[in-house]
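**Q** Sequence first, predicted coordinates after that:
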Amino acid sequence: MSTTPRGTAEHHLRRKFIFFGLDSIFFPLGLVFLDVDTVLTTFMTNLTDSKLLIGLLATMFGLYWGLPQIIAGNYAARLEHKKPYLIRVTVFGRLSIPLLALYMKLTNGEPAWLTIVVLFLALGVLLTTDAMGSVAWLDILGRAFPTERRGGFMALWNIAKGVLSIGVASLIGLLLSESGLAYPDNYTLIFVGAVIFQLLSTISLMAIVEPDLAEHEVGAVVIHWNEFGSYVRRVFTEDARMRRLAIGKVLYQAMRMASPFYVVYAIERFDFPVASIGLFIIAQNVGPLIANLVLGQVSDRFGAHRVLQFGTAFIMTAPVLALALPLLGLDRAGLEAAFLWIYVCLGMVGPVMFLGYTNYALDITPGGQRSIYMGIINAVASLGLLGAMLGGFILDTFSYPVLFALSLLMGVGALLMVSQLKHVRAETVSVA
């Protein structure tokens, strides 16, 4: 029985959809156990009272993932086949969280200062290597699916992840509740949960088949390091869309300066129990369901720029509501609903990043230089995550209203930048 070229192409597309999808579901599920806005923030409150140090963790979480990409992107662009490199760095980096869980089991998190150091190191290894691999992963993703279907596929994966995340969030809430395990065993088991899903993600990643290059596409691009600085400058001076996208993403990331502190705000100012973190994580994973159901269709029909515009405006309601809470005089049910809404908005941050910023960048980057472009924009955008450390400083020095007002201001700036972006589909232009 012969197979038609179209039938073979559809078979390959299904295989790519399945294994890219499984990886895109399992790895983020592992990160739910390591959520910096909830799980790791409350973990840190067991170790320190410093808001600045808590903010620093959130900042480093982003910098670990963003900054290495500017170097990794140029390296990955030189490789004709990118999957072997991707697998090597991924397997090495994902050994760090099993070691973190083992450390917690052996030491019970004592002394606190050493536990903080180990946490920063473990996350540093995990996220830095993931950053190094992600530029290759994005290059393969950009070649694996046609532009007009990619956004819908990404949305479906995120919807599946969001549904499963609700179960994961319920488990985390149970572990952190009064009827759950005591500290530090509860967090040790949470870290083990992260390990399990990272293992499933790695297996799925290994099953991905790297697609062949299109006829017009260049597989390897060599930009010498002594010329790389001038190349980066040309990208931003000659490509207005990339410049606006990068500035918008910096401000968008900076808007998240308040994200690690909403849970602290709820506990300190409104006497929410720590176990509320389970409900907050559930709400945070309802956000992606809403975002992906709506924004996936928006991306395919109207373009990734509309995802950025609508999504950013929606997320800005979180700091607005946080600013208004002391004035509203809400009862306990009203306060719970308000914080659940805030976490729904926070849950939309990732889908807007993926369906909006990533998808738009994939559409405007030259095929042979995709790794480099994605590395540049993600590295530059990670500077916005310094906002979380600034947020900790603001709380130690000023107040919550100042923090929320500055977060809102960053959101306004991001919205102004992405409002200038136009509809685009994949192109083949290059910066020589």
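**A** Sure, I can see it.
**Q** Only C-alpha atoms from now on, for both contacts and neighbour counts.
**A** Noted.
**Q** can you pull out the helices in the stretch 201-350 of the chain?
**A** Assigned by DSSP state H, counting those that start in this stretch, the stretch 201-350 of the chain shows helices spanning 225-238, 240-255, 262-270, 277-302, 304-315, 317-328, 332-347, 349-351.
**Q** for those, which one sits closest to residue 413?
**A** For residue 413, the closest of those is helix 240-255, at 6.3 Å, according to CA to CA.
**Q** and that closest one with helix 317-328, angle?
**A** Here helix 240-255 runs at an angle of 30 degrees relative to helix 317-328 (axes from the mean of the first three to the mean of the last three CA atoms, to 10 degrees).
**Q** Would you mind pulling up the elements that helix 240-255 packs against?
**A** Applying 3 or more CA pairs under 8 Å, 6 or more residues apart in numbering; DSSP states H and E, one finds that helix 240-255 contacts helix 225-238, helix 359-364, helix 370-381, helix 386-397, helix 400-418.
**Q** if we go to 10 Å?
**A** helix 225-238, helix 304-315, helix 359-364, helix 370-381, helix 386-397, helix 400-418 (3 or more CA pairs under 10 Å, 6 or more residues apart in numbering; DSSP states H and E).
**Q** How far off centre is it?
**A** Helix 240-255 sits 15 Å away from the centroid of its parent chain (CA atoms, centre = their mean, to the nearest Å).
**Q** how about the helices and strands packed on helix 240-255, which one is nearest residue 47?
**A** Across the helices and strands packed on helix 240-255 (criterion: CA to CA), the nearest stretch is helix 386-397, sitting at 15.6 Å.
**Q** rewinding a little: can you check which of the helices and strands packed on helix 240-255 gets nearest to residue 54?
**A** Within these, the stretch nearest residue 54 is helix 386-397; the backing value is 6.9 Å (CA to CA).
**Q** In the closest one, which residues are buried?
**A** 386-395 (16 or more other CA atoms under 10 Å).
**Q** Run the angle between it and helix 240-255 for me.
**A** Orientation check (the same axes, to 10 degrees): helix 386-397 against helix 240-255 gives 30 degrees.
**Q** Next, the buried residues of the longest helix seen in the chain.
**A** The helix that spans the most residues within the chain, counting by DSSP state H, is helix 112-144. Within helix 112-144, the residues scored as buried using 16+ other CA under 10 Å are 115-116, 118-120, 122-144.
**Q** So which residue is smack in the middle of this structure?
**A** Central residue of the chain (CA atoms, centre = their mean): residue 350, 5.2 Å from the mean position.
**Q** what's the nearest residue to that residue if we skip its chain neighbours?
**A** Of all residues not flanking residue 350 in the chain, residue 288 sits nearest, at 7.5 Å (CA to CA, 6 or more residues apart in numbering).
**Q** Just the pLDDT at residue 254, thanks.
**A** Confidence at residue 254, expressed as pLDDT, is 88.
**Q** now residue 189
**A** For residue 189, pLDDT reads 94.
**Q** Show me the shaky parts of the chain.
**A** Across the chain, the ranges flagged by pLDDT under 70 are 1-11, 147-148, 151, 212-222, 367-368, 425-432.
**Q** Can you tell me which of the helices and strands packed on helix 240-255 is most buried?
**A** Burial of those is given as mean neighbour count (mean count of other CA atoms under 10 Å); helix 370-381 ranks first at a mean of 26.
**Q** For that helix, name the packing helices and strands.
**A** Helix 370-381 packs on helix 51-66, helix 69-76, helix 112-144, helix 225-238, helix 240-255, helix 359-364, going by 3+ CA pairs under 10 Å, 6+ apart.
**Q** just checking, what packs against the fourth one?
**A** Going back to what we said before, that points to helix 225-238. Using 3+ CA pairs under 10 Å, 6+ apart, helix 225-238 sits against helix 69-76, helix 240-255, helix 370-381.
**Q** got it, and the second one?
**A** Helix 69-76 makes packing contacts with helix 83-93, helix 112-144, helix 225-238, helix 370-381 when contacts are defined by 3+ CA pairs under 10 Å, 6+ apart.
**Q** what sits up against the shortest one?
**A** Read it as helix 83-93. With CA atoms under 10 Å, 6 or more residues apart in numbering as the test, helix 83-93 has contacts from 75-76, 79, 122-137, 139-140, 198-199, 201-203, 205-206, 208-211.
**Q** tilt between that helix and helix 112-144?
**A** Going by the same axes, to 10 degrees, helix 83-93 makes 160 degrees with helix 112-144.
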